[in-house]
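K.L.:
please find the sequence and the predicted model below.
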2 protein chains.
Amino acid sequence: MTYVQLAPDLQHIPDFQHIDDDECHRFQGTMELIGRRWSSAILLALTRGAERFSEIRAVIPGLSDRLLSQRAKELEAAGLIERRVVASTPVQISYHLTRRGADLMESLQPLAHWGQQWGDLPR
Amino acid sequence: MTYVQLAPDLQHIPDFQHIDDDECHRFQGTMELIGRRWSSAILLALTRGAERFSEIRAVIPGLSDRLLSQRAKELEAAGLIERRVVASTPVQISYHLTRRGADLMESLQPLAHWGQQWGDLPR
DNA sequence: CTGGATCCCTATCGATACTG
DNA sequence: CAGTATCGATAGGGATCCAG
């Protein structure tokens, strides 16, 4: 995105004034990753302590095996979550936020506040 | 999403501990709205002062008329942007962040920080 | 200038069945 | 338990043309 002047009544927002094109793409990329269906729910489930595959699925009604598996791969590829395998019998698999993922969740707290402050999105 | 215990090493994250099911749905809904392709770019363009249809399109390479029109409707329906019509000849149409939209952009600043801190998402 | 209408292709999704 | 395979339905998106 090309740079344009920040709107006068929004100049108290400091951090969007000096974002260059690359940073815009990062920003959009991040939004599209965690904006995909179930992505944020999965991250939130992990933030809340869910670890096992079935545990995550259990706390997110409507989430199917297939989509959880797919999203987990994407989030792992993005470095937001980690998949641990313990070679016992049966094999124990658990998912955890990485440091990077935990930082992301922290950075989303103001957004959660915003949601609480403004109530439901209009349909 | 059903409540589960917050992971021990994440208990310093206060705001996700007490989010109930409704708030989870709001959170996910917000993420999916602004996570759609071009949505965040459009909001960012408005934050930076773009107002006219052609102006927004000009600063977002790859964004088509159709998608800008569609996203604008969605964002307007969500109460994040406002569409003003001045009945001159020709008709002057401009887009602006609402208070709600501007608040949203403010709440996204930590996320922009996160992107800068962690660099590009892995491909 | 600001879109609306249409076509058409692709990505994505949900459901179902199956596996180590 | 933790996925993979397959399939049909649907939604999203690009390109193009058209209009007030």
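P.N.:
Looks like it came in fine.
K.L.:
after the helix or strand harbouring residue A:83, next one along is what?
P.N.:
Using DSSP states H and E, residue A:83 sits in strand A:81-86. Downstream of strand A:81-86, the next assigned helix or strand under DSSP H and E is strand A:92-97.
K.L.:
show me what from chain A comes close to DNA strand C.
P.N.:
Neighbours of DNA strand C within chain A, by C-beta under 7 Å from any atom of the strand: A:36, A:37, A:62, A:64, A:65, A:66, A:67, A:70, A:90. In this view, the C-beta of every residue, glycine as well, is placed from N, C-alpha and C.
K.L.:
out of everything not next to it in sequence, what's closest to the fifth one?
P.N.:
Here the nearest residue to residue A:65 in space, its sequence neighbours aside, is residue A:57; by C-beta to C-beta, 6 or more residues apart in numbering or on different chains that works out to 7.0 Å.
K.L.:
so what touches the longest helix seen in chain A?
P.N.:
If you go by DSSP state H, chain A has its longest helix at helix A:21-35. The contact list for helix A:21-35, computed with C-beta atoms under 8 Å, 6 or more residues apart in numbering or on different chains, reads A:1-2, A:19, A:39-40, A:43, A:74-75, A:78, A:104, B:31-37, B:39-41, B:44, B:111-112, B:114-116, B:119-121.
K.L.:
on that earlier part again, just the buried ones from the residues of chain A next to DNA strand C, in ChimeraX syntax?
P.N.:
The ChimeraX command for the buried members of these (criterion: 16 or more other C-beta atoms under 10 Å in any protein chain shown) is given here:
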select /A:36,67
